[in-house]
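Novice: here's my sequence, what's the structure:
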Amino acid sequence: MFLGTHSPKLDDKGRLILPAKFRDKLAGGLVVTRGQERCLYVFAMDEFGRVAEQLRSAPVTSRAVRDYLRVFLSGASDEVPDKQGRVTIPTVLREYAGLGRDLAVIGTGARIEIWDATAWNDYLAASEQAFSEQAEEVVPGLL
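Specialist: Just a heads-up that it's a prediction; the model follows:
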C-alpha cells in the first residue's frame, strides 16, 4: 500500500527519484499515465494489469467510456526505475500535469499520484474543508 506525502525534485532530464519506501514495490516496473485533476497516476505493473482488466469490461458502446479509455491509456508509459530509483516522466505527461521542479508524490493506497508541488498545495487547501465534512457520506460508518 502506498501512503504518505513526499517532496522530491524533478531533475533536468525529467527524472524523479522515487521515495525509498515505494521503490521495492515498483522495482519490477511501473506505469505512469494521466490522472484526474491534472496529476499523474503511477501504478505498479501488477496493479496496472488489474486496472486494465477492469477497463476491458467497460462497455465501449458508451462514448464516455471510449473518451476515458483514450485519454487514460494513450498517455500510459511503462517504465523501469534505474538502480538509484529514478524514473523518467515522459515530456507529454510532465506537460499535462504542469510539473515544475518541485513535486508532491502522494500515496493513495493502490497507486501513487505525482503533482506539481504548488498545484498539490492549492488542491489540498481547497479540499480540506470538504474532507472534514464528508466522511459519513463517502464511507458510512467508517470512523
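
Novice: helices along this structure, start to end?
Specialist: With DSSP state H as the criterion, the chain has helices at 20-26, 45-56, 63-74, 91-97, 117-138.

Novice: what count of nearby residues applies to the closest residue to R23 other than its chain neighbours?
Specialist: In this structure, R23 finds its nearest non-sequential neighbour in G85, 4.7 Å apart by CB to CB, 6 or more residues apart in numbering. (C-beta placed from N, C-alpha, C; glycine too.) Counted with other CB atoms under 10 Å, residues neighbouring G85 total 18.

Novice: picking up where we left off before, worst average pLDDT in the helices of the chain?
Specialist: Within those, confidence is poorest for helix 117-138, with a mean of 83 (mean pLDDT).

Novice: my guess is E47 contacts I112, does it?
Specialist: No: the pair E47 / I112 is not scored as a contact, 10.2 Å apart, by CB atoms under 8 Å.

Novice: between the two, who's got more neighbours?
Specialist: Comparing E47 with I112 by other CB under 10 Å, the one with more neighbours is I112, at 27 against 18.

Novice: which residues touch the nearest residue to W120 once chain neighbours are set aside?
Specialist: Leaving aside its chain neighbours, W120 sits nearest to A104 (3.6 Å; criterion: CB to CB, 6+ apart). Residues in contact with A104 (CB atoms under 8 Å, 6 or more residues apart in numbering) are T5, H6, S7, I114, W115, D116, A117, W120, N121.

Novice: got the contact list for the last one?
Specialist: Applying CB under 8 Å, 6+ apart to N121 gives the contacts A104.

Novice: and the gap between it and R38?
Specialist: 14 Å (CB to CB, to the nearest Å).

Novice: for V71, see how far away the spatially most central residue of the chain is.
Specialist: Geometric centre of the chain, nearest residue: Y41, 1.9 Å, by CA atoms, centre = their mean. According to CB to CB, Y41 stands 12 Å off from V71.
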